[in-house]
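In: Here you go, sequence then predicted model.
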Amino acid sequence: MSTYTLSEARAHLGKVVNRARYGGEIVELTEHGEPAAVLISPERLAYYRQLEDSRDLAEAERVTAERRTGVPHAEVAALFGMAPDGRAL
């Protein structure tokens with residue numbers, strides 16, 4: 001993994017993007033010494049999305065197999081003092 005400050009990344013944006021895009025690196029951007037963002041290749045993002053979708057599907061299948069019922073959105077909204085459409089009251 002490479003790390004650049006935001007100032008360094010601005011000054012060398014093409015290089016930084018190429019490290020993620022073509023080099024397959026995870027590039028961390030920091031601001032004031034703290035992580036601010038991460039650059040990854042589109043392929044890695046697609047892979048992460050696929051993992052997330054697979055996990056969500058497995059969870060949905062598990063819940064379906066257990067025959068658990070969900071909680072209606074309006075009920076959850078009411079618990080948090082929100083309108084049925086999710087807006088703040």
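Out: Arrived safely.
In: Domain map for the protein?
Out: 2-40, 43-79 (automatic domain parsing).
In: beta partners of Y4?
Out: Beta-bridge partners for Y4, by DSSP bridges, are L29.
In: Do I have it right that it meets E28?
Out: Yes. Using CB atoms under 8 Å as the test, Y4 is close enough to E28 to be in contact (7.5 Å). (Glycine included, C-beta is placed from N, CA and C.)
In: Now the phi/psi pair for T64, please.
Out: Taking degrees, to the nearest 10, you get phi -60, psi -40 for the backbone angles of T64.
In: actually M82, sorry about that
Out: In terms of degrees, to the nearest 10, the main-chain angles of M82 are phi -120, psi 160.
In: now the domains of the chain in CSV, with distance to R87?
Out: Formatted as CSV, the domains of the chain follow (distance: least, CB to CB, whole Å):
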stretch, distance to R87
domain 2-40, 30
domain 43-79, 9
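In: which one of these is the most hemmed in?
Out: Counting by mean count of other CB atoms under 10 Å, domain 2-40 has the highest mean neighbour count of those, with a mean of 14.
In: and T3, what pLDDT?
Out: At T3 the predicted local distance difference test score is 97.
In: Hmm, I26 and it touching each other?
Out: No. Under the criterion of CB under 8 Å, T3 lies out of contact with I26, with a separation of 9.6 Å.
In: ok, back up a step: weakest of the domains of the chain by average pLDDT?
Out: domain 43-79 (a mean of 88).
In: mind listing the strands for this structure?
Out: Along the chain, the stretches classed as strands by DSSP state E are 2-5, 27-31, 34-39.
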